[in-house]
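S.K.: Starting from these lines, generate the structure:
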Amino acid sequence: MIKSTLNVGSISEGFVLDHIEAGRSMDIYKYLHLDKLDCCVAIIKNARSNKMGKKDIIKIECPIDFMDLDILGFIDHNITINIIENEKIVDKKQLKLPKEIRNVIRCKNPRCITSIEQELDHVFVLTDEENQIYRCKYCEEKYSRRR
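M.R.: Purely as a prediction, here's the structure:
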C-alpha cells in the first residue's frame, strides 16, 4: 500500500475557509464567484478531520473584502474563516445564519411577484433559526434546504 500525502503550500496574505462539509467546496466556489478572481485558489476535498470525519478546505490568496459572508453563512454557517497575514492566522471569524439573503436562491412560487417582475430582487428572510427555514419576503413561500 502506498501512503501519500498532499502538501499544499501556505499562503502569505488571504484567508482559509475551513470546516466545510465534505463535497460542498464546489458550491462555495460557484456562489462566491471565485472563478472570476485573479488570485491563487486551492480547493482541498475530503481532507481528514478529527471533528467532522471528512471536510473540504478552500485557501484563497487575496484580501477578504470582496467576500459576501452572508452567502457563506447561508451555505454553511459552521465554516470557520481564518484570516492570514504574513503567513500567520491573525483572526478567526465564525459565521451565523444571515437574517436575510438577497439573490442567492429563487422563489419557486409561480404566483410570486418575483416571477412576474424580472428585475425584482429575490429576498428570503430567516423565519425559524433552529430549523434553518427561510421564507420569501413577498409571498411567504418556504425555502427547503437540500441535504
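
S.K.: Can I get the helix or strand of the chain with the lowest mean pLDDT as CSV, trimmed to CA atoms?
M.R.: Among the helices and strands of the chain, helix 69-75 carries the lowest confidence by mean pLDDT, DSSP states H and E, at a mean of 84. Extracted C-alpha coordinates of helix 69-75, given in CSV (Å, rounded to 0.1, in the frame of the first residue of the first chain):
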residue,chain,number,x,y,z
LEU,A,69,-20.1,36.5,4.4
ASP,A,70,-23.9,36.3,4.3
ILE,A,71,-23.9,33.9,1.4
LEU,A,72,-21.2,31.8,3.1
GLY,A,73,-23.2,31.8,6.3
PHE,A,74,-26.3,30.7,4.4
ILE,A,75,-24.5,27.9,2.6
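
S.K.: how about the strands of this protein, start to end?
M.R.: Assigned by DSSP state E, the chain shows strands spanning 13-21, 40-49, 53-61, 80-85, 88-94, 100-102, 123-128, 133-136, 142-143.

S.K.: how about those strands in a markdown table, adding distance to Lys30 and mean neighbour count?
M.R.: Quick note: C-beta positions are derived from backbone N, CA and C, even for glycine. Shown next, in a markdown table, are the strands of the chain (distance: least, C-beta to C-beta, whole Å; neighbours: other C-beta atoms under 10 Å):
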| stretch | distance to Lys30 | mean neighbour count |
| --- | --- | --- |
| strand 13-21 | 13 | 20 |
| strand 40-49 | 11 | 14 |
| strand 53-61 | 12 | 19 |
| strand 80-85 | 18 | 16 |
| strand 88-94 | 21 | 11 |
| strand 100-102 | 15 | 16 |
| strand 123-128 | 18 | 16 |
| strand 133-136 | 19 | 19 |
| strand 142-143 | 18 | 17 |
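
S.K.: Thanks again, I'm all set now.
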